[in-house]
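K.L.:
sequence? don't have it. structure:
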């Protein structure tokens with residue numbers, strides 16, 4: 001699976017469960033173990049766990065391998081290892097304490113908006129013309 005497709009899926013999975021302050025960093029030059037680090041925040045232990053579960057579910061459905069998950073029991077900080085992408089989901093206080101953005105934040109990846117599916121309807125539907133009234137149009141008379 002392409003790394004861009006995978007990182008887009010991770011971000012979408014986090015956005016689906018209302019993850020906040022989602023950042024993606026390209027760390028390919030900093031480490032040989034993985035290419036991307038994704039950091040997101042959740043407001044409660046339940047939301048942090050739900051964000052991590054959403055990432056796991058979506059990527060497993062796409063055929064990606066989940067290498068490991070750490071921290072689900074505590075819920076303050078959950079790490080999802082996808083092999084070439086490592087996802088950190090944590091409380092804002094934990095995030096500010098450990099400041100992973102400073103560690104990995106050399107090169108942030110700007111994601112383009114997801115492509116919108118093309119609809120079958122045209123952008124501007126054509127209006128049907130009504131028949132003209134008056135001399136050219138005849139009315140039927142009822143008897």
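P.N.:
Now that the structure is in, tell me what you want to look at. Please read these numbers as outputs of a predicted model, since none were measured by experiment.

K.L.:
ok, and for stretch 39-59, which residues are buried?
P.N.:
Buried residues in stretch 39-59, counted by 16 or more other Cβ atoms under 10 Å: 39-42, 47-56, 58-59. (Glycine included, C-beta is placed from N, CA and C.)

K.L.:
repeat for stretch 11-27
P.N.:
Buried residues in stretch 11-27 (16+ other Cβ under 10 Å): 11, 13-14, 17, 19, 22-27.

K.L.:
from residue 7, how far out is residue 98?
P.N.:
21 Å (Cβ to Cβ, to the nearest Å).

K.L.:
revised request: answer the last question for residue 88.
P.N.:
To residue 7, residue 88 is 14 Å away according to Cβ to Cβ.

K.L.:
now do residue 42
P.N.:
Distance from residue 42 to residue 7, by Cβ to Cβ: 19 Å.

K.L.:
could you do residue 44 as well?
P.N.:
Per Cβ to Cβ, residue 44 is found 25 Å from residue 7.
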